[in-house]
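Asker: Give the three-dimensional model of this entry:
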Amino acid sequence: MKPSEEESVIVGRFNGDWGVRGWVKVFSYTRPPEAIFDYMPWLIDGHGDAIEPVEWKKSGPRLVARLEGVDTPEKAAALGRTLIRVARTSLPDPEPGEYYWHDLVGLEVVNRQNHSFGQISKMHETGAHDVMEVEGADGTVLIPFVTERFVVSIDLEARLVTVDWPSEWAEPD
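Answerer: Numbering: from 1, shown residues only. Predicted coordinates for the structure are as follows:
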């Protein structure tokens with residue numbers, strides 16, 4: 001039985017065809033990027049229930065894969081930029097103090113004074129540190145996801161992130 005969207009997690013997407021034998025480019029949201037091949041099967045919306053790479057490799061900076069039943073450039077191109085999902089149960093439990101981004105999206109963000117900035121709509125990797133994109137009455141607010149500095153606490157059950165971030169930093173000019 002195919003897991004629902006709530007029971008599955010987006011781990012990457014296809015990024016076009018590669019070569020003449022039906023390989024596809026794979027853009028991974030996992031760390032390290034190659035870890036996307038550790039989680040099987042892939043659940044591909046609109047392309048059957050599940051699919052698994054027959055083989056994969058790095059080609060320069062990109063990941064490429066040959067998929068079961070995809071053996072022509074046309075079939076590979078038909079995947080477009082389709083999202084790659086896996087059953088949530090196939091992912092390892094995060095270490096204490098670590099979080100999957102998909103668990104953070106949708107959480108309310110408040111500061112120590114209980115000012116609500118809104119909900120996390122996206123997470124961004126910037127190189128230096130991750131950043132929460134928060135949408136709310138203040139508009140879009142970007143807050144560094146730096147624990148023990150800006151992120152005071154995360155309560156997944158209460159769906160709440162408390163930050164040390166003054167509300168005036170979110171006010172429009």
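Asker: what mean pLDDT would you report for stretch 75-94?
Answerer: For stretch 75-94, mean pLDDT is 91.
Asker: Check whether Glu168 sits in a helix, strand or coil.
Answerer: Look at Glu168: counting by DSSP: H, G, I helix; E, B strand; the rest coil, its state is helix.
Asker: give me the beta-bridge partners of Lys25?
Answerer: As for beta bridges, Lys25 partners with Val64 under DSSP bridges.
Asker: my guess is it contacts Gly12, does it?
Answerer: No: counting by Cβ atoms under 8 Å, Lys25 does not reach Gly12; the two are 10.4 Å apart. Placement of C-beta: from N, CA and C, glycine included.
Asker: Looking at those two, which one has more neighbours?
Answerer: More crowded of Lys25 and Gly12, by other Cβ atoms under 10 Å: Gly12, with 22 against 19.
Asker: quick one: the more buried one and Val26 touch, right?
Answerer: Yes: if you go by Cβ under 8 Å, Gly12 and Val26 touch, sitting 5.8 Å apart.
Asker: Check the contact lists of these two and give me the overlap.
Answerer: 36, 84 (Cβ atoms under 8 Å, 6 or more residues apart in numbering).
Asker: Return the set of buried residues in stretch 143-161.
Answerer: Buried residues in stretch 143-161, counted by 16 or more other Cβ atoms under 10 Å: 143-145, 150-151, 154, 161.
Asker: which two of the residues you listed lie the greatest distance from each other?
Answerer: Pro144 and Ile154 (14.1 Å; Cβ to Cβ).
Asker: residue ranges for the helices of the chain, please.
Answerer: 73-78, 101-104 (DSSP state H).
Asker: Save the ones you listed as TSV, and put in distance to Ile84 and mean neighbour count too.
Answerer: Compiled in TSV, these are given as follows (distance: least, Cβ to Cβ, whole Å; neighbours: other Cβ atoms under 10 Å):
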stretch	distance to Ile84	mean neighbour count
helix 73-78	14	16
helix 101-104	13	17
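Asker: Walk me through the domains of the protein.
Answerer: As assigned by automatic domain parsing, the chain contains the domains 8-88, 101-169.
Asker: Select, out of these, the one closest to Pro94.
Answerer: Pro94 sits nearest to domain 101-169 of all these, at 8.1 Å, using Cβ to Cβ.
Asker: What's the end-to-end length of the closest one?
Answerer: 24 Å (Cα to Cα, to the nearest Å).
Asker: Tell me where the protein has strands.
Answerer: 8-18, 23-28, 43-44, 53-59, 62-67, 83-87, 108-111, 116-125, 130-136, 139-144, 151-155, 160-163 (DSSP state E).
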